[in-house]
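# predicted model, plus sequence, below.
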Amino acid sequence: MDGDADGQVSRRQVIVAGTVLAAGATVAPAAGQRPAAAATHAVPEVVGPGEVEVSLRVNGTIRETAVEPRVTLLDALRDRLRLTGTKKGCDHGECGACTVLIDGRRAKSCLTLAIMQTGAAITTIEGLAGSERLHPMQAAFIERDAFQCGFCTPGQIMSAVGMLAEGRPRSRAEIRDRMSGNLCRCSAYPNIVDAISDVAEGRR
């Protein structure tokens with residue numbers, strides 16, 4: 001039925017009419033407005049699960065390799081590019097032995113996927129020194145005997161260089177705090193702080 005016998009609109013008609021109006025308000029543009037453009041975002045290319053080609057800029061040189069999307073930058077550096085100066089310690093981002101610089105900022109390479117670093121400038125311990133002389137931080141670590149077994153030393157040095165690039169520390173306590181992500185199981189911390197202080201204060 002279209003209505004009640006006395007000419008009144010039925011409850012069903014009210015519900016149907018309200019639904020149609022609501023749908024029209026959602027779809028139709030307001031007066032004076034242009035219809036919304038269709039989404040133009042490109043659908044990201046799906047890669048994997050097999051190996052994919054990646055181009056990494058490491059120590060100023062473009063290096064081509066193939067890795068699975070799940071491979072970390074640490075494993076790509078060590079196993080594919082044979083740059084073994086970057087050490088695998090805990091493999092959970094807790095010890096800092098795998099620290100490298102990515103676009104000048106320190107990063108734990110065990111927590112970074114290799115395929116995410118295409119186009120970034122990656123610096124490892126192998127690329128820190130010049131062709132004829134050590135980087136001042138490397139020289140300071142040697143002079144201050146800031147290592148024992150040496151396993152954590154590449155990560156300590158890379159982290160120290162990145163830390164100083166972030167801003168000059170104002171005290172030894174600040175150095176210790178800002179280097180707290182790098183662990184030394186041999187407890188050479190006092191000498192490490194000495195070495196970093198030398199570079200920070202221009203003594204190297």
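Yep, that arrived.

# ok but Ile122 is inside a strand, no?
Yes - counting by DSSP: H, G, I helix; E, B strand; the rest coil, Ile122 is found in a strand.

# skipping adjacent residues, who's closest to it in space?
Val58 (4.7 Å; C-beta to C-beta, 6 or more residues apart in numbering). Quick note: C-beta positions are derived from backbone N, CA and C, even for glycine.

# doesn't Thr124 make contact with the one you found?
Yes - proximity of Val58 to Thr124 meets the contact threshold set by C-beta atoms under 8 Å, at 6.5 Å.

# common neighbours of those two, please.
Common neighbours of Val58 and Thr124 (criterion: C-beta atoms under 8 Å, 6 or more residues apart in numbering): Leu77, Leu83.

# and the residue nearest the centre of the chain, its phi and psi?
By C-alpha atoms, centre = their mean, the chain has its centre lying nearest to Thr112, at 5.7 Å. Here is the backbone geometry of Thr112 (degrees, to the nearest 10): phi -120, psi 130.

# what sits against it?
Thr72, Leu73, Leu74, Ile102 are the contacts of Thr112 under C-beta under 8 Å, 6+ apart.

# export the residues you listed to TSV and tack on secondary structure?
Output for the contacts of Thr112, formatted as TSV (three-state DSSP):
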residue	secondary structure
Thr72	strand
Leu73	helix
Leu74	helix
Ile102	strand
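
# for this structure, what spans make up the helices?
Secondary structure of the chain (DSSP state H): helices located at 11-27, 73-75, 136-143, 153-166, 172-178, 189-200.
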